[in-house]
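> what follows is a predicted structure for the sequence shown.
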Amino acid sequence: MQYTIPHYYKQFRCIADKCPDTCCAGWQIMIDNRSLKKYSKVKGGFGNRLQNGIDWKAHAFLQQGGRCEFLNEDNLCDIYKECGANMLCRTCRNYPRHTEEFEGLREISLSLSCPEAARIILGEKEPVRFLTKEDSREETYEYFDFFLFTKLSDTRELIFQILQDRNLQMSVRMAIVAALAHDIQIRIDKNSLFEIDDILDRYRSDRMIPFFETALKSYSNREKERYKILQQMGAVLDELEVLRPEWQVLLKDIRNELYQNDMEHYLRSRAEFLSTFESLEVYSEQLMIFWCFTYFCGAVYDEEAESKIKLALFSTIFILELAMVCG
């Protein structure tokens, strides 16, 4: 078995009550069977409280006001406090670590939904490196398209090279990656995976960069069109699952600030933001690398490679749009 992590992965340490948020509220925390067995055997007063604080049918902790039953007023876990770290269930022990599973491979990342993980990811100034180790464990999936996975991995490696080429503006890097994903998707849809190597060679060509730099110049004066597209993109956020009601209020206020005034107001705000946000290019790079590492090769299961890149582009662009107001 091979394990791959970003080089900053081991920097993460939960900061507990010092966190500006908490991962123990807003969603249902599922409990694995092994932890349920351990919880059922805890004795004494806390054992009674523990067993009464679990929905045994749903295999989840009960909640009070959207908060885990065992999250105390200091935003600390009473299970950890009373029984120690070994008694945390798998969900609580692993988060914000995220694992993507492939045959003979585990790719492990940190989740941006954790403020401390986000600080580490976005605070990294150097290009992300990926570290790999192996152990003696072996596994075989009954259905796993290893040939497709190999082509996706090769594509993602080139995507990383493009996104981390700091001689190029981030807009150029993102445009090249978007076009590459589109061309790869066509070959996947046609079941012409043997053509992917030729596509990758084409995008490695020195001629590709000036082509995209020239093409993007034609978009430099289309701010009105960009503004309308962003308005439409913002509406997509209304369709997402809401963990906390205050998010809807915040999102409405942000979108009103960005898009409900005239376009000139938006352009002034954006110009001011771009002039003061010195790390914009690095932030964009780290966000794109995060999304592509975490999700792109998952296309081996649904054959939707281009949609993974569209998710990365949308998420990166709109996080930075939100930062214009919240940053």
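Received it, and whenever you're ready, just let me know what you need. Numbering: from 1, shown residues only.

> hey, where'd the helices end up in the stretch 1-150 of the chain?
33-40, 44-52, 78-83, 90-94, 115-123, 146-163 (DSSP state H, counting those that start in this stretch).

> to residue 273, which of those helices lies closest?
Between residue 273 and these, the shortest separation by CB to CB is 15.8 Å, and it involves helix 115-123. Every C-beta, even on glycine, is put in place using the N, C-alpha and C of the backbone.

> what residues sit buried inside stretch 21-35?
22-27, 29, 31, 35 (16 or more other CB atoms under 10 Å).

> which outside residues touch it?
With CB atoms under 8 Å, 6 or more residues apart in numbering as the test, stretch 21-35 has contacts from 39, 54, 58-61, 63, 66-68, 70-71, 75, 77, 87-92, 95-96, 113-115, 243-244.

> swap in stretch 177-195?
Contacts of stretch 177-195 (CB under 8 Å, 6+ apart): 147-148, 151, 155, 158-159, 162-163, 196, 199, 203, 212, 288, 292, 299, 303-306, 308-310, 313.

> can you tell me the closest non-neighbouring residue to residue 215?
Among residues not flanking residue 215 along the chain, residue 175 sits closest, at 7.4 Å (CB to CB, 6 or more residues apart in numbering).

> report the secondary structure element holding the one you found.
Using DSSP states H and E, residue 175 sits within helix 170-189.

> run through the chain and note the low-pLDDT ranges.
Within the chain, the stretches with pLDDT under 70 are 220, 327.

> nearest the geometric middle of it, what residue?
Centroid check for the chain by CA atoms, centre = their mean gives residue 291 as the closest residue, at 4.8 Å.

> element containing it?
Using DSSP H and E, residue 291 falls in helix 280-295.

> now do that helix and helix 170-189, the angle between them.
Put simply, helix 280-295 runs at 20 degrees to helix 170-189, going by axes from the mean of the first three to the mean of the last three CA atoms, to 10 degrees.

> shift numbering so it begins at 24
All set: I'll call the first residue 24, so the last point we hit is now helix 303-318.

> helices or strands next to helix 303-318 in the packing?
Applying 3 or more CB pairs under 8 Å, 6 or more residues apart in numbering; DSSP states H and E, we find helix 303-318 packed against strand 120-125, strand 128-133, helix 138-146, helix 169-186, helix 193-212, helix 328-349.

> brilliant, that's me finished.
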